[in-house]
Structure formats: C-alpha cells, structure tokens
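Engineer: Turn this into a model:
(chains A and B)
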Protein chains: 2
Amino acid sequence: MARVVVDVMLKPEILDPQGQAILGALGRLGHSDVASVRQGKHFEIEVAGVLDEAALDRVREVARSLLSNPVIEDFEVRAAAH
Amino acid sequence: MARVVVDVMLKPEILDPQGQAILGALGRLGHSDVASVRQGKHFEIEVAGVLDEAALDRVREVARSLLSNPVIEDFEVRAAAH
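Structural biologist: Purely as a prediction, here's the structure:
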C-alpha cells in the first residue's frame, strides 16, 4: 500500500475569497506579518501495490479528472513522506 | 518574504464523508486500485521577513487558532519547497 498526496490550488490569476477572508481576520487579530493566504485542497490517497511511475500517472489522471477543475485549478502529485 | 505551507486534516479517528464520496466515485469510474481517500485543507501563506523558528511558531499559532479545529483536526506546518 503506497500513500500519495495531491494538493489542488486555484491558479495564481484566480481570486481566492476564502484566502482573502482569512488574511483579513489575521490582520484584525494582530498577525500583521502575514502578507498573503491562499487556500486549496489536500488529498491523502492510498493506492494498492508499488508506487511506480505508472501508479503516479493513474493518480495524476484522478487528480485531473475528479479532484480538480483544470480551468481554474492547478494540482501537484507527490509520494507521501511517510 | 517566506512561504509556509499548512496542511489541515481530520484526525484519523474522525469519519471523512467527502473522502468516502470520492472513493465511491473512483470505484464506479474503474479506479479500483485506490484503497482510501481523505480530504483536507491546504494553505499557502506568505510571511514578511526571514523564516526562522519564531516565524514558524507564529504560523503554528495561526494554524491552531484560525485554520484548524483542534477537536477534530490535526495540522502540519512546513516551509514551502520553493
């Protein structure tokens, strides 16, 4: 069993109202050293078998087709650290 | 300007209906090699100044107080890779 992490973020040119709201709250709470916040999704996926390049490609296909909206989001797939 | 990543996940003992829904959809789409999916939140934060241990501690405080619900969620703070 291998663990893979997929992070999905809005593309840099797309406005992120959730991140903006958090940034505003941080300012009001005195965390003025925080300059920007962007929020995305984090998935931890377990796949059967060995984590070879073919398995990573299957996870990339899942990320593209089901976990992200490629019009407005980018994703990143990597083997989990542990 | 330093970039920090915060990942927030439901604790392992808390049910994750979003992840379960994705796992069900993957099964119907033929991705039967995926054994488990858990969904969390991913934050990319820019802080002013140098990313020393004190700055990371401030981000941990933000993660604890604002980005996560410590009753049901765990979080992980790390310097961004780039």
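
Engineer: contacts, neighbours, all on C-alpha from now
Structural biologist: Will do.

Engineer: Pass me the low-pLDDT residue ranges in chain A, would you?
Structural biologist: For chain A, the stretches flagged by pLDDT under 70 are A:82.

Engineer: Helices along that one, start to end?
Structural biologist: Assigned by DSSP state H, the helices in chain A fall at A:17-28, A:53-62.

Engineer: export the ones you listed to TSV and tack on mean neighbour count and distance to chain B?
Structural biologist: Below are the helices of chain A laid out as TSV (neighbours: other Cα atoms under 10 Å in any protein chain shown; distance: least, Cα to the nearest Cα, whole Å):
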stretch	mean neighbour count	distance to chain B
helix A:17-28	15	8
helix A:53-62	15	8
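
Engineer: Indicate which one of the ones you listed is closest to residue B:51.
Structural biologist: Checking those against residue B:51 by Cα to Cα gives helix A:17-28 as the closest, at 18.0 Å.

Engineer: roughly how far out does the closest one sit from the chain middle?
Structural biologist: Relative to its parent chain, helix A:17-28 has a centroid offset of 19 Å by Cα atoms, centre = their mean, to the nearest Å.

Engineer: CA atoms only for it, dumped as PDB, please.
Structural biologist: Output of helix A:17-28 as PDB, limited to C-alpha atoms (Å, rounded to 0.1, in the frame of the first residue of the first chain):
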ATOM      1  CA  PRO A  17     -12.000  34.900  -1.500                       C
ATOM      2  CA  GLN A  18     -11.500  32.300   1.200                       C
ATOM      3  CA  GLY A  19      -7.800  33.200   1.500                       C
ATOM      4  CA  GLN A  20      -8.700  36.900   1.500                       C
ATOM      5  CA  ALA A  21     -11.200  36.400   4.300                       C
ATOM      6  CA  ILE A  22      -8.500  34.600   6.400                       C
ATOM      7  CA  LEU A  23      -6.000  37.300   5.600                       C
ATOM      8  CA  GLY A  24      -8.500  39.900   6.800                       C
ATOM      9  CA  ALA A  25      -9.100  38.000  10.000                       C
ATOM     10  CA  LEU A  26      -5.400  37.600  10.700                       C
ATOM     11  CA  GLY A  27      -4.900  41.400  10.300                       C
ATOM     12  CA  ARG A  28      -7.700  42.100  12.800                       C
END
